[in-house]
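K.L.:
okay, here's the prediction I keep looking at, along with the sequence it came from:
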Amino acid sequence: MTTCSRTMLDRTAARSHQETDEKEKEMIDDTTPAESANLSALSDLCTPWCIHVVATLRIADHIAAGTTEITTLAQEAACDADFLQRVLRHLVSKGVFAEPAPDQFALNQAAEELRSQQLFLDLDGIGGRIAHAWSSLLTTVRTGAPAYHEIFGLPFWEDLQAHPDIAASFDVLMGPAGHGIPDPEVLLTGEWEEVKTVVDVGGGTGALLAEILRVHPQIQGTLVDFPGTVTRAEKLLQEAGVRERVQTVGQSFFDPLPAGADLYVLKSILNDWPDREAQLILSRCAEAARPSGRIVILGGVVPDDSVPSLLTPEMVLLGGKERPLTEFQELAHQAGLTLLTSGRLPSGRFAVECRPR
Ligand SMILES: C[S@@+](CC[C@H](N)C(=O)[O-])C[C@H]1O[C@@H](n2cnc3c(N)ncnc32)[C@H](O)[C@@H]1O
């Protein structure tokens, strides 16, 4: 799978943090010129849309539950039988689903996979926002800026705030159901005994913070994200048994952050933003962490000798980008931070640790 074909915030890394190396290998593959391509196959939009449509209609789930005949499938999915059949037969020709007898459809391995990819593909949820966002690529290339608002009327985060159902599906995608359980081992230096307080900045519904607190009973946590998102974090924090050790703060991370914590975590945040905004987030962390807190960055920074992703959903949705370490270091310096160390965590994920200057 190429980087371009991934959906937010990328299906490969989504499976788990342990696949980070695989992701980086894919990035290298992305930049290796292919001998020569089949242009018709590459420019076919029919198949990707058919996949999104059957995922949205939960056709694989209906078949798994025992409905195989096309008319009944269409009734259960509340859609037109003739068009559903055309879509399914097209997909059968591409190796997704089987038609063992006329008008009877069955799952094959690829169709089974559709069931686990639901979050990424469902056009009624965040999957639809990401799929449609790719149609803004021409404007992005012409102008050098994201053009999500041309399609949905508002920039990405504002659109999510205006549509709580979509925002909730984004939070689910970013949480354990989409990205797996995060690895709490986020410090390159270890040294957890020095950490009594952690702020997860843009921490979503708290999956990483919950894991850190579960493994380190001495730590108190603060979850900073949009008000709707931290409200949706309640269930996860309760179920992880850490609710009483977490303060949730519904605010923008462009505003001053809760101050004086030992550790500030930015996971999958900086890659969402262009330089000006990324620097402001880092500045907010630097201010809050003074004089002696640390900031750990996971995601969005890659080693200088690896190739940053060419095109990602984050770039199209938000104008974000990955940065080589040297470029990040310059940004961090302007934000009032000094690089302490960088390298790979036991999970294989690349991490950077900074402290205020
Ligand atoms: C890509 S997600 C990463 C979530 C989490 N850190 C993780 O790795 O799963 C980006 C997060 O930033 C949050 N976010 C975006 N803009 C924000 C802002 N201005 N203030 C606070 N949070 C924001 C989003 O709500 C979302 O939870």
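P.N.:
Sure thing, it's come through.

K.L.:
report how many residues lie close to Glu35.
P.N.:
4 (other C-beta atoms under 10 Å). To be clear about C-beta, it is placed using only N, CA and C from the backbone, and glycine gets the same treatment.

K.L.:
one more: Glu211?
P.N.:
19.

K.L.:
tell me the secondary structure at it.
P.N.:
helix (DSSP: H, G, I helix; E, B strand; the rest coil).

K.L.:
for it, give its distance to Gln279.
P.N.:
From Glu211 across to Gln279, the span is 28 Å (C-beta to C-beta, to the nearest Å).

K.L.:
one more: Leu123?
P.N.:
For Leu123, the distance to Gln279 - C-beta to C-beta - is 35 Å.

K.L.:
contact partners for Asp171?
P.N.:
Gly204, Thr205, Thr229, Arg232 (C-beta atoms under 8 Å, 6 or more residues apart in numbering).

K.L.:
please apply the same query to Ala77.
P.N.:
So Ala77 contacts Leu57, Arg58, Ile59, His62, Leu84 (C-beta under 8 Å, 6+ apart).

K.L.:
can I get those in a markdown table including pLDDT and secondary structure?
P.N.:
A markdown table is the format used below for the contacts of Ala77 (pLDDT from 0 to 100; DSSP: H, G, I helix; E, B strand; the rest coil):
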| residue | pLDDT | secondary structure |
| --- | --- | --- |
| Leu57 | 98 | coil |
| Arg58 | 98 | coil |
| Ile59 | 98 | helix |
| His62 | 98 | helix |
| Leu84 | 98 | helix |
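
K.L.:
Serialize these to a markdown table and add fields for neighbour count.
P.N.:
Formatted as a markdown table, the contacts of Ala77 follow (neighbours: other C-beta atoms under 10 Å):
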| residue | neighbour count |
| --- | --- |
| Leu57 | 21 |
| Arg58 | 17 |
| Ile59 | 27 |
| His62 | 19 |
| Leu84 | 20 |
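
K.L.:
how far away is the residue lying closest to Gly202 once chain neighbours are set aside from the ligand?
P.N.:
Spatial nearest neighbour of Gly202, chain neighbours left out: Ile269 (4.5 Å); criterion: C-beta to C-beta, 6 or more residues apart in numbering. Distance of Ile269 to the ligand, given as C-beta to the nearest ligand atom, to the nearest Å: 6 Å.

K.L.:
for Leu310, helix, strand, or coil?
P.N.:
With three-state DSSP as the criterion, Leu310 reads coil.

K.L.:
follow-up on the earlier one: tell me which of Leu123 and Gln279 has more neighbours.
P.N.:
Neighbours around Leu123 and Gln279, counted as other C-beta under 10 Å, are more numerous at Gln279. The numbers are 20 against 17.

K.L.:
so that one sits against Ala335, correct?
P.N.:
Yes: Gln279 is within contact range of Ala335, at 5.0 Å (criterion: C-beta atoms under 8 Å).

K.L.:
ok, which stretches of the stretch 51-200 of the chain are helices?
P.N.:
With DSSP state H, counting those that start in this stretch, the ranges of helices along the stretch 51-200 of the chain come out as 59-64, 70-77, 81-93, 109-116, 118-121, 126-133, 137-143, 148-152, 156-162, 164-174, 176-179.

K.L.:
in a helix, Ile281, correct?
P.N.:
Yes: secondary structure of Ile281 (three-state DSSP): part of a helix.

K.L.:
show me which residues of the stretch 251-357 of the chain sit near the ligand.
P.N.:
Within reach of the ligand by C-beta under 6 Å from any ligand atom, the stretch 251-357 of the chain has these residues: Ser252, Phe253, Phe254, Lys267, Ser268, Ile269, Asp272.

K.L.:
of these, grab the buried ones for PyMOL.
P.N.:
Entered in PyMOL, the line below selects the buried ones among those, by 16 or more other C-beta atoms under 10 Å:
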select buried, resi 253+267+268+269+272
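
K.L.:
need the residues of the stretch 251-357 of the chain next to the ligand in TSV (columns: pLDDT and secondary structure).
P.N.:
Conversion of those to TSV gives the following (pLDDT from 0 to 100; three-state DSSP):
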residue	pLDDT	secondary structure
Ser252	98	coil
Phe253	98	coil
Phe254	98	coil
Lys267	98	strand
Ser268	97	coil
Ile269	98	coil
Asp272	96	helix
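
K.L.:
pLDDT score for Thr3?
P.N.:
pLDDT for Thr3: 31.

K.L.:
same question for Pro308.
P.N.:
78.

K.L.:
which parts of this protein sit against the ligand?
P.N.:
So far as C-beta under 6 Å from any ligand atom goes, the chain lies against the ligand at 9, 157, 174, 202-204, 225-226, 229, 252-254, 267-269, 272.

K.L.:
rewinding a little: hmm, which two among the contacts of Ala77 are most spread apart?
P.N.:
The most widely separated members of the contacts of Ala77, counting by C-beta to C-beta, are Arg58 and Leu84 (11.9 Å).

K.L.:
any weak-confidence spans in the protein?
P.N.:
Residue ranges of the chain with pLDDT under 70: 1-34.

K.L.:
where do the domain boundaries of it fall?
P.N.:
37-120, 121-177, 182-356 (automatic domain parsing).

K.L.:
packed most tightly, which of the ones you listed would that be?
P.N.:
Among the domains of the chain, domain 182-356 has the highest mean neighbour count (mean count of other C-beta atoms under 10 Å), at a mean of 19.

K.L.:
that one: how far from the chain's middle?
P.N.:
Mean-position distance between domain 182-356 and its chain equals 14 Å (C-alpha atoms, centre = their mean, to the nearest Å).
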